[in-house]
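In: Curious how this folds, go ahead:
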Amino acid sequence: MNKEVERIVQRWWQCMFLSPDELKKTGLYPAPTAHKAQLKRCDSIDAAMLTEGFRKLWFSLPEELTQTAKSTEVECWATIAAALVYVKNDSNTKLAEAAGSKAGGEKSVVSELRFAQLQDAKTADDFLRRLRRILQQIKGDISVASLAQDIEQWFKEHRSLIPRKADKRIAVQWAMDYYRAASKK
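Out: Residues are numbered from 1 along each chain as shown. Have a look, this model is predicted:
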């Protein structure tokens, strides 16, 4: 994901979540609340593709990306849209760091089992369902750009016939971030 696409994703998310006063400072207009509500109600990636919120994101992407996109790339962007509506605050925290962090207790916010289930998701719909659960557990306080990149990486890995080196795989990167955050006191 290049910087231009990252910026588009960031602005789309801002239109969904920032107040009209905050958006006015950036020259953006708020998205209708129905866009976010429709995406939250979707129970599958196919359903997300049929929403106005997804279409707003999709048609704001560069034409060279949308004109040549394969069905798996459209699925990826629908997943990004359906997941980002669960991010309430754009912070610098990565998904796995937030999941592994301890919220005042001795246990991580997200259990090892639940996090392992996300890493082990076999289908795109299963991945989205598990990802949404974790986003709700961490109260949606993560980096928008980082989450979008992670989702894109997951789709690339699960649709590719060429295996990646272990240290470059998203599941390994997530595990390292999760356990690093979990080991902090």
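
In: which helices and strands does the helix or strand containing residue 64 pack with?
Out: Secondary structure from DSSP states H and E places residue 64 in helix 63-67. With contacts defined as 3 or more Cβ pairs under 8 Å, 6 or more residues apart in numbering; DSSP states H and E, helix 63-67 has no helix or strand neighbours. Where C-beta positions appear, they are placed from N, C-alpha and C, glycine not excepted.

In: Could I get the average pLDDT for that helix?
Out: Mean pLDDT, helix 63-67: 93.

In: Buried residues, it. List them.
Out: residue 65 (16 or more other Cβ atoms under 10 Å).

In: which ones are touching residue 54?
Out: 39, 48, 77-78, 81-82 (Cβ atoms under 8 Å, 6 or more residues apart in numbering).

In: Distance of the residue nearest the centre of the chain relative to residue 56?
Out: Ranked by distance to the mean C-alpha position of the chain (Cα atoms, centre = their mean), the top residue is residue 147 at 4.0 Å. Separation of residue 147 from residue 56 (Cβ to Cβ, to the nearest Å): 18 Å.

In: Now for residue 37, how many residues are close by?
Out: 12 (other Cβ atoms under 10 Å).

In: helices or strands next to the helix or strand harbouring it in the packing?
Out: Under DSSP H and E, the secondary-structure element containing residue 37 is helix 33-41. If you count contacts as 3+ Cβ pairs under 8 Å, 6+ apart, helix 33-41 packs onto helix 3-17, helix 52-58.

In: what comes up buried for it?
Out: Burial within helix 33-41, assessed by neighbour count using 16+ other Cβ under 10 Å, is assigned to 35-36, 38-39.

In: Could you do stretch 114-132 as well?
Out: For stretch 114-132, by 16+ other Cβ under 10 Å, it's 115, 117-119, 121, 124-125, 127-132.

In: still on that earlier bit, can you pick out the most distant pair from the contacts of residue 54?
Out: 39 and 77 (12.0 Å; Cβ to Cβ).

In: gap between residue 112 and residue 63?
Out: 43 Å.

In: typed the wrong thing, it's residue 119
Out: 34 Å.

In: Over to residue 125?
Out: 28 Å.
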